[in-house]
Every structure is written in structure tokens, then in C-alpha cells.
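1. predicted structure and sequence below. I'll ask about it afterward.
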Amino acid sequence: MATERAQDSQGSMHDLHEHPGHLLRRAQQISVSIFYDEMGSELTPVQYAILTRLAAHPGIDQVSLAGLAAIDTSTGATVCARLEEKGLLERKVIPHNRRQRALTITAAGMRLLDTLVPGAQRLRQRLLDPLSPEEQAQFMALLAKLVNENNDQSRAPLARPAA
């Protein structure tokens, strides 16, 4: 009996569909694919995350913004530079700390975000559509719990916004 259980657990460990990490990676692949279907190619998912966080926190510095988007600071700096090149955000040196940049979303950046709202709604709907409304609520609650409870395990943990 114990040997049977060991084989069952070992067998399931060889099945990628039994690994939550594999399923999360596949879910991410699917999410990104649907993102481009619904949102177009103007922004990457990370650029969209940065712009939406910046719209909610104008004047924030790059390091803090990267934390709010849960991306590493070097990626955040690269993404911000690219968004600045596109005219979607402005970076200005902070006078009291010349090593940091204060960021603001431009009018063009806000217009772009506004045009993406319907696509973001369709993206959410398409991702969750296979689930019933009750399952959607449960899935979102469990996914948020999984992410929040494991935040400290991330190489780029989500920073909580200052109150």
C-alpha cells in the first residue's frame, strides 16, 4: 500500500499538469497572448502595468514605481526610458535627490490608457470566461491569496503603497 502511494505521488510529480508552477506559467502565456489580442501592440504587459501604476501615483520615483508594479528596478528603469521615448511619461530629476527621477504620465499616456479600458475589460472577461461567476470570484480570491502570501518569495516583491 505504501509503495502504491509512493508510485502515485512520484507518478504525479512527473506529470507537468500536477505542478502549480507549470500551470501558472501556462496561464501567464495565455494571459499575454490574450493581452496582445485585446490591447494591441502599443504597450507590453509590463509597460501597461507601469503606466497604470503611474496614473494612480503621479510624481512617484522610479524605484517606488517598480515596487508598485512588482518588477525589479533595472527593468523598471528600462521600461520607463522606453515609455518616455514614446512620449507617454516624463522623467524629471528630483531636486533633493539628484539620483532619482520623479515620473508623471503625459496627456498622451492618459489618452492611451483610456483607450485601452475596453480591451482590459475584454481581457479579463476572456481569461475568466471558462469559469462560472462563483468560480471567478473564488479563483480571484485564491489567486490573490497565493500571490500575497508568497510575495516575500519573489525576486521583485510587490511594494505596498504608502497610506
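-> Yep, it's here.
2. low-scoring pLDDT stretches of this structure, where are they?
-> Applying pLDDT under 70 to the chain picks out residues 1-13, 161-163.
3. list the contacts of the residue nearest to L88 when sequence neighbours are not counted.
-> The shortest distance from L88 to any non-neighbouring residue, by Cβ to Cβ, 6 or more residues apart in numbering, is to G109 (3.6 Å). Using the backbone N, CA and C atoms, a C-beta is placed for each residue, glycine as well. Residues counted as contacts of G109 (Cβ atoms under 8 Å, 6 or more residues apart in numbering) are L51, L54, A55, L83, G87, L88, L89.
4. farthest-separated two in the residues you listed?
-> Greatest spacing in those, by Cβ to Cβ: A55 and G87 (15.1 Å).
5. ok, H22 touching L16?
-> Yes. Between H22 and L16 a contact is recorded at 4.5 Å, counting by Cβ atoms under 8 Å.
6. give me the nearest residue to the residue nearest to the spatial centre of the chain, chain neighbours excluded.
-> Central residue check for the chain by Cα atoms, centre = their mean: the C-alpha nearest the mean position is that of A49, 5.7 Å away. Spatially, and ignoring its direct neighbours in sequence, A49 is nearest to A69 (4.5 Å; Cβ to Cβ, 6+ apart).
7. need the longest helix for this structure.
-> Criterion DSSP state H: the longest helix present in the chain is helix 107-128.
8. touching the helix or strand where K92 lies from outside, list them.
-> K92 belongs to strand 89-94 when assigned by DSSP states H and E. Here strand 89-94 makes contact (Cβ under 8 Å, 6+ apart) with 51, 54, 61-62, 80-81, 83-84, 100-106, 109.
9. now do that strand and helix 107-128, the angle between them.
-> Computed with axes from the mean of the first three to the mean of the last three Cα atoms, to 10 degrees, the direction of strand 89-94 lies at 120 degrees from that of helix 107-128.
10. mind listing what's buried in the helix or strand just after strand 89-94?
-> The C-terminal neighbour of strand 89-94 among helices and strands, as given by DSSP H and E, is strand 97-105. Going by neighbour count (16 or more other Cβ atoms under 10 Å), the buried part of strand 97-105 is Q100, R101, A102, L103, I105.
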